[in-house]
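Engineer: Test case, fold it:
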Amino acid sequence: ANMFVSKNYDLVLGIATPMAQSLYNATRDTNIPVVFSAVSFPENAGLVEGNITGTSDRFSADERLKLIRDVLPDAKKIGVIYCTSEVNATSSLEEIKKVAKNYEFEIVEKGVSATADVSLATNTIIKDVDCICLVIDNTVSAALPTIIEIATNNKIPVFCNEADEVKLGGIACNGIDYKSLGVETGKIAAQILKGDKKAEEIEYKCIEDAILYVNSDTFKKLNISIPEQLKEKCIDVIEEEK
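Structural biologist: Take a look at the predicted model:
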């Protein structure tokens with residue numbers, strides 16, 4: 001971020017909350033506009049005031065828990081592993097906790113401080129939950145293959161945030177199309193670079209149209225059937241690759 005500022009670029013763009021925050025802090029005393037992409041909670045991250053705008057990948061906690069209830073009608077406890085220092089992770093967890101009672105779920109949470117802690121956290125939490133629900137969390141996502149391996153070996157499904165995570169072995173997600181998110185981010189950057197608007201004049205945009213992705217191989221491994229009401233509207237990442 002400091003290198004970008006020293007070169008006085010016309011615009012800087014940060015993908016995900018930690019990167020966007022670094023750029024925002026580095027450009028505070030400059031006229032360089034900042035555009036962010038895939039920031040889940042811009043307000044909580046302090047990215048809504050000043051020469052900054054972008055796109056958000058905030059997910060609907062209600063849709064996520066409804067999906068879990070549809071797939072696991074008898075489930076009672078949802079495990080959430082999250083990084084305690086990532087505002088996007090803690091904010092996502094709070095959103096889930098707000099709606100958990102609506103679906104009669106108990107949230108079992110386990111905080112970590114680094115990616116290296118995720119394996120132990122997964123092995124600890126896996127004994128007490130019916131599934132694991134990922135939140136928007138860069139630290140935890142870096143250890144996703146480990147989480148999925150441990151969970152699958154213990155016959156515990158992992159509900160994810162986006163299609164690529166489902167391809168790795170997660171069971172399902174209500175996720176946005178990140179290509180569309182990138183296109184919208186590019187349009188915002190183009191407006192600023194062409195001089196049509198200043199960053200501070202553009203309200204950040206949320207991509208709200210979620211797509212249901214499932215991994216049919218994971219459903220089979222865990223001996224779970226894809227609910228009939230989901231079959232017609234889901235995209236099977238395994239069939240899509242074929």
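
Engineer: show me the contacts for Gly182.
Structural biologist: Ser37 (Cβ atoms under 8 Å, 6 or more residues apart in numbering). C-betas here are computed from N, CA, C, even on glycine.

Engineer: Would you check how far apart it and Leu134 are?
Structural biologist: According to Cβ to Cβ, to the nearest Å, Gly182 stands 21 Å off from Leu134.

Engineer: One more: Ile107?
Structural biologist: Between Ile107 and Leu134 the computed distance is 13 Å (Cβ to Cβ).

Engineer: swap in Val48?
Structural biologist: Distance from Val48 to Leu134, counting by Cβ to Cβ: 25 Å.

Engineer: State the phi and psi torsions of Glu43.
Structural biologist: phi -60, psi -50 (degrees, to the nearest 10).

Engineer: State the number of residues packed around it.
Structural biologist: Using other Cβ atoms under 10 Å, Glu43 is surrounded by 13 other residues.

Engineer: List the contacts of the nearest residue to Ala163 once chain neighbours are set aside.
Structural biologist: Distances taken as Cβ to Cβ, 6 or more residues apart in numbering put Tyr213 closest to Ala163, at 4.6 Å, once the chain neighbours are dropped. Tyr213 is in contact with 162-163, 166, 172-173, 175, 234-237, counting by Cβ under 8 Å, 6+ apart.

Engineer: Can you classify Tyr213 as helix, strand or coil?
Structural biologist: strand (DSSP: H, G, I helix; E, B strand; the rest coil).

Engineer: Show me the beta-bridge partners of it.
Structural biologist: Here Tyr213 shows beta-bridge partners Cys173, Ile235, assigned using DSSP bridges.

Engineer: Select the longest helix from the chain.
Structural biologist: Counting by DSSP state H, the longest helix found in the chain is helix 178-193.

Engineer: Residues contacting whatever helix or strand comes next after it, please?
Structural biologist: Note on helix 178-193: by DSSP states H and E, the next helix or strand toward the C-terminus is strand 205-206. Residues outside strand 205-206 that contact it (Cβ under 8 Å, 6+ apart) are 54-56, 58, 184, 188.

Engineer: higher neighbour count, Val48 and Leu134?
Structural biologist: Leu134 (26 against 16).

Engineer: per-residue confidence at the more buried one?
Structural biologist: pLDDT recorded at Leu134 is 95.

Engineer: From Ala151, how far off is it?
Structural biologist: From Leu134 across to Ala151, the span is 11 Å (Cβ to Cβ).

Engineer: Mutual contacts of those two, please.
Structural biologist: By Cβ under 8 Å, 6+ apart, the residues touching both Leu134 and Ala151 are Val158.

Engineer: Find residues that contact each of Ile107 and Leu134.
Structural biologist: Val80.

Engineer: circling back: turn the contacts of Tyr213 into a markdown table, including distance to Ile224, pLDDT and neighbour count.
Structural biologist: Below are the contacts of Tyr213 laid out as a markdown table (distance: Cβ to Cβ, whole Å; pLDDT from 0 to 100; neighbours: other Cβ atoms under 10 Å):
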| residue | distance to Ile224 | pLDDT | neighbour count |
| --- | --- | --- | --- |
| Glu162 | 20 | 88 | 23 |
| Ala163 | 19 | 89 | 22 |
| Val166 | 14 | 95 | 26 |
| Ala172 | 10 | 97 | 28 |
| Cys173 | 15 | 95 | 28 |
| Gly175 | 19 | 84 | 21 |
| Cys234 | 14 | 93 | 18 |
| Ile235 | 18 | 92 | 13 |
| Asp236 | 14 | 94 | 19 |
| Val237 | 16 | 91 | 22 |
